[in-house]
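>>> How does the following fold in three dimensions:
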Amino acid sequence: MTDPSPAFFTVDAGGATTAAALIGRLAGRWRLLAAGAVPASIATDVLLADLVGRVNAADDDLLAEAGPWQQWARVESRTAPPPSVLLAATSEARLQELELTFGDAGWRVVLRVTPDHLAPLTVARVLLDRHLTVVAIAAGDPVEQGERAGLADLSAFIGSFAMRRPELRVVLVGGAVSEEASLPPAQILRARSPAVVAEGDEGSLASLVERLRLETVAGNASDRTQAGGDVPGPPAEAGPAGDGRVGFQRAVASLAAVLDLRIEGVDIGLDGGTHVLAGPMGIERRAIRADAGLVPLDALDDERWLDQIAGWTTVHEDGFALRDRIRNLRLAPWRDAAGDGSLLRVGAARAALDRLGRGWAGPREEDAAASGAAGSGAPDLLVLSGGAFAVAPAPVVALTVLDTLRHPGGVALALDHARVLAPLGTLGDEADRRRILTDLADDLLAPLGSAIVAGGLRGGRRGTLRLTSEGGTSVLPLVAGSVQVVDLPPGIAATAQLESADDLWVGVHARSVAIDVVGGLGGLLVDTRETPLRLPDRAERRRQLLESWERPLWIGGDW
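Below is the predicted model of the structure:
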């Protein structure tokens, strides 16, 4: 964005809703003037006109010299349904390497094949499905003697179908390139095994997979644009600059540099989830998971997905009716949002966060907690984004995160309430991103508050929480296995002193620890439940336990 621009829009077009924001220059600074969201089937211009109308109704002189709003710049990002891939490998170990790489890049794995588990009819049906865009075949490098026969069978079988589908790309990984004669030459892509090449290297499978995802999204967008339809798809020019999930990761990295903080970003949409950890020096870890959408596409046909989501909800309904409501949440996510529809969405978001956390590559704090070792520690700030968090009050949103992404210690929580980060991340100039984020940091992040996760209190034992702020000091009991909400308004900084006769686990073991916290719309949540959180296997008991933590945080809830 150039400095002379008086105002511009950001547009984040997702699978369920389109969110937009109007950003204008006031007193030499970019400020968020208005924001809103509508179902994806509604034309974007209708939403933009509404934003301008609301600003003009409040102050008709504010944008008087900006000219017609139709001519203002738009910074847009779009997210699309995940592309599909069939994975084939000579062994289960090779298959897991493929699945990890494709899974963390946002691909939907529709079938896993090894020579020992080759169902010809099933594989043929998937290979002929026009939604399948990529097949990956992996073998050891060099190919081991025991792999040769299986690799030849896989390549010959897949090649016979690839010749009938010239648009299908075949990725040969590691020693699988030795069988390229069995495949159409124009459809072959080559990559080195993930075990022998770093992620950022030129020939890495991870780099190739990410490029293929962006190309596939762009191709699908072009097809959908030509075909029309009620729900708009991604633009034909979608790519690195327009992909909302990549944009979100970039924006979080830019925000970390601007604020000089270690920031973890989590975005949950209808078709996938994004997870990124960034510090002032750039992105440390990142993943895009197709299985971490609010309700994944596979849930329509596989009841195991439905049961996993139902296991995180607090909705009291019989199993058949609850499964139907979860399916409907996938098919019409903007409907049934009132009453216990909000509970259903919170449960689906909690389940998505659980899947996102399980697929998060690298060491995790909960693993360190289970082993008693020191982990990498909580980030300074955890930023949430996505329509999944739009229907619940701030304390419930914070609890949803604490139930799943459990970081021992203290962390500040914020919500990208206008969904501005993903569009801003599509800006090609890093200096532009940082300058705009510097101005907008206070506007685009709604402070949810802070959370302290402190395990280690034994049943029946108590500790003490001493909270000191500019308003004085308050002393509260720490109760094992509970979630307590402490009033701490937005903008108020405080120090929380935790003391116990037992060793508390807050990233380190300590009987007394001081943690700096900041207030927010949800106050301060003090969580003394175990890490990782263990829930009952029985559905009804599990639901009752989740409800006992969640219900007190709803304001005016009567369901």
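
>>> The closest residue to residue 179 other than its chain neighbours and residue 312: what is the separation?
Spatially, and ignoring its direct neighbours in sequence, residue 179 is nearest to residue 155 (3.7 Å; Cβ to Cβ, 6 or more residues apart in numbering). Heads up, the C-betas are built off the backbone N, CA and C, glycines and all. The spacing between residue 155 and residue 312, counted by Cβ to Cβ, to the nearest Å, is 41 Å.

>>> is it true that residue 352 lies in a helix?
Yes: remark: residue 352 belongs to a helix, assigned using DSSP: H, G, I helix; E, B strand; the rest coil.

>>> Quick one: residues contacting it.
268, 273, 292-294, 388 (Cβ atoms under 8 Å, 6 or more residues apart in numbering).

>>> Now tell me which of those the prediction trusts least.
Taken together, the contacts of residue 352 show their lowest pLDDT at residue 388, with 87.

>>> Please list all residues in contact with it.
Residue 388 neighbours (Cβ under 8 Å, 6+ apart): 268-269, 294, 345, 348-349, 352.

>>> switch to 6 Å and redo it
Going by Cβ atoms under 6 Å, 6 or more residues apart in numbering, residue 388 touches 268, 294, 349.

>>> Could you pull up phi and psi at residue 518?
phi -140, psi 150 (degrees, to the nearest 10).

>>> For burial, what's the neighbour tally of it?
Other residues lying near residue 518 total 20 when counted by other Cβ atoms under 10 Å.

>>> next one: the one 4 residues further on
Here the count is done by other Cβ under 10 Å, and residue 522 has 25 residues near it.

>>> that older thread, taking the contacts of residue 352 as a set, which two sit the farthest apart in space?
Maximum pairwise distance in the contacts of residue 352, criterion Cβ to Cβ, is 10.2 Å, between 292 and 388.

>>> The residue nearest to residue 179 contacts residue 180, doesn't it?
No: contact status for residue 155 versus residue 180: not in contact, 8.1 Å apart, counting by Cβ atoms under 6 Å.

>>> Between those two, which is the more surrounded one?
Higher neighbour count among residue 155 and residue 180: residue 155, with 23 against 16, using other Cβ under 10 Å.

>>> Can you tell me the SS state at that one?
Residue 155 carries the three-state label helix when classified by three-state DSSP.

>>> Then residue 129?
The three-state label given to residue 129 by three-state DSSP is coil.

>>> residues contacting it?
Residues near residue 129 by Cβ under 6 Å, 6+ apart: none.

>>> rewinding a little: any idea which of the contacts of residue 352 is closest to residue 358?
Sorting the contacts of residue 352 by how near they are to residue 358, with Cβ to Cβ, puts residue 292 at the top with 9.0 Å.

>>> Pretty sure the closest one sits against residue 273.
Yes: counting by Cβ under 6 Å, residue 292 touches residue 273, with 2.9 Å between them.

>>> which neighbours do these two share?
With contacts defined as Cβ under 6 Å, 6+ apart, the residues adjacent to both residue 292 and residue 273 are 352, 356.

>>> Now do the contacts for residue 525.
Neighbouring residues of residue 525 by Cβ under 6 Å, 6+ apart: 398, 451, 485.

>>> Out of those, the closest to residue 458 would be?
Taking Cβ to Cβ as the measure, residue 458 sits nearest to residue 451 out of those, at 21.6 Å.

>>> what's the burial count for that closest one?
Look at residue 451: counted by other Cβ under 10 Å, it has 27 neighbours.

>>> Phi first, then psi, for it.
In terms of degrees, to the nearest 10, the main-chain angles of residue 451 are phi -140, psi 140.

>>> Contacts only, for it.
Residue 451 makes contact with 398, 402, 411, 525, according to Cβ under 6 Å, 6+ apart.

>>> What separation do you get for the residue lying closest to residue 62 once chain neighbours are set aside and residue 75?
Nearest-residue entry for residue 62: residue 55, 6.1 Å, with adjacent residues in sequence omitted and distances by Cβ to Cβ, 6+ apart. The gap separating residue 55 from residue 75 is 18 Å, by Cβ to Cβ.

>>> neighbour count winner among those two?
Counting neighbours by other Cβ under 10 Å for residue 55 and for residue 75 shows that residue 75 has the greater number, 23 against 18.

>>> After the host helix or strand of the more buried one, heading C-terminal, what element do we hit next?
If you go by DSSP states H and E, residue 75 is part of strand 73-78. Remark: after strand 73-78, the chain's next helix or strand is strand 84-89, criterion DSSP H and E.

>>> Just the residues contacting that next one, thanks.
Applying Cβ under 6 Å, 6+ apart, the set of residues contacting strand 84-89 from outside is 95, 98, 102, 107-113, 126, 131-132, 134-138, 154.
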